[in-house]
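1. task: produce atomic coordinates for the following.
(chains A and B)
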Amino acid sequence: MRFGIVRFPGSNCDADCFRAVTEGLSEEAFYLWHRERDLGGADAILLPGGFAYGDYLRAGAIARFSPIMKSVEAFARAGGPVLGICNGFQILCEAGLLPGALARNAGLRFLSLPVHIRVERTDTDFTGAYRTGQVLRMPLSHGEGRFVADEATVERLEAEGRVIFRYVDARGEASGTANPNGSLRNIAGICSEGRNVVGLMPHPDRAYDPILGSDDGLGMFRSAALAAATGATR
Amino acid sequence: MPRGGILDPEGETIGRALRELGYGGVGAVRSGRLIRLELEAEDTDAARDEAERMCEELLANPVIEDYAVEVRPVVEAAGEGA
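-> Now for the predicted structure:
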């Protein structure tokens, strides 16, 4: 399993993704510069966190026009697994690969804290190694993470089982106080219609080893490796 | 501008600050972004068309933002001391 990690100017979790894959999972990873067009034979693509292009205009707005994104879009539309973490999630929304948008946190403050998220669906390329209802703990770190979409879009996401992570308290309840940024319906992560493109705001890449406080995030990368190994199409 | 129905915490905070300063008549406040750009075009209509395409493609995110385009001759804009 070879994970291609896209680096934009301003990415800063590229090395976290690299180590999660290579040290946490003992799988192969390599970097892809945003000016490239060839995905180097990657089996899965990771769009890491950070501040691509300084988040100018809107987070992800400029990055989505990077040359490599054309290839990532084609890869995603052909069913290839693509995971966007934090800034990567923002880029996927701007690129139209995932619906909705990530707006400024309701409290207007940049947030950096550990959160709990509940696995709502295991039938995606990045959640197959979890149990439905499992509560994961991992860091969150962003200024623009409030998931918003029009009512029809949110209803569709819910009906199609495409809300895959929700902010919850430690007991797994999706309460208002467990919602750190004001996201609609506590939504922390969603997937595409084909269930191969996944985006979430919390950082599984910063939770791949108990020494980091949690290794709950490792399952996301393991899920992709398992899916590839078994050739599972769900 | 944030679209209607989209929570605008920045606008709300500005509104609260204005009311605390004694501007009691201040109602809803929405806070957005102004982008001024120079553009070479045939005429005003062509400039407007092009600017609207820019908004759709990059400058605004139609999921959460509305936009409005205003076209002015460059000389006038420069005269404002911008």
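
2. enumerate every residue touching residue B:26.
-> By Cβ atoms under 8 Å, 6 or more residues apart in numbering or on different chains, residue B:26 lies in contact with B:15, B:18-19. Quick note: C-beta positions are derived from backbone N, CA and C, even for glycine.

3. give me the buried entries from those residues.
-> Buried members of these, scored by 16 or more other Cβ atoms under 10 Å in any protein chain shown, are residue B:15.

4. what number of residues lie near residue B:16?
-> A total of 12 residues lie near residue B:16 under the criterion other Cβ atoms under 10 Å in any protein chain shown.

5. so residue A:102 sits in a strand?
-> Yes: using DSSP: H, G, I helix; E, B strand; the rest coil, the assignment for residue A:102 is a strand.

6. quick check, it in contact with residue A:88.
-> No: applying Cβ atoms under 8 Å, one finds residue A:102 not in contact with residue A:88, separated by 10.8 Å.

7. up against chain B, what does chain A have?
-> A:57-58, A:61-62, A:65, A:93-94, A:99-101, A:103-108, A:146, A:148-150, A:182 (Cβ under 8 Å from any Cβ of the partner chain).

8. show me what the longest helix along chain A is packed up against.
-> Longest helix of chain A, by residue count under DSSP state H: helix A:218-230. Helices and strands touching helix A:218-230, as assessed by 3 or more Cβ pairs under 8 Å, 6 or more residues apart in numbering or on different chains; DSSP states H and E, are absent.

9. quickly list the domain ranges of chain B.
-> By the assignment in automatic domain parsing, chain B contains the domains B:1-32, B:35-82.

10. save these as JSON lines, and put in distance to residue A:75 and mean pLDDT too.
-> Converted to JSON lines, those look like this (distance: least, Cβ to Cβ, whole Å; pLDDT from 0 to 100):
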{"stretch": "domain B:1-32", "distance to residue A:75": "31", "mean pLDDT": "93"}
{"stretch": "domain B:35-82", "distance to residue A:75": "22", "mean pLDDT": "88"}
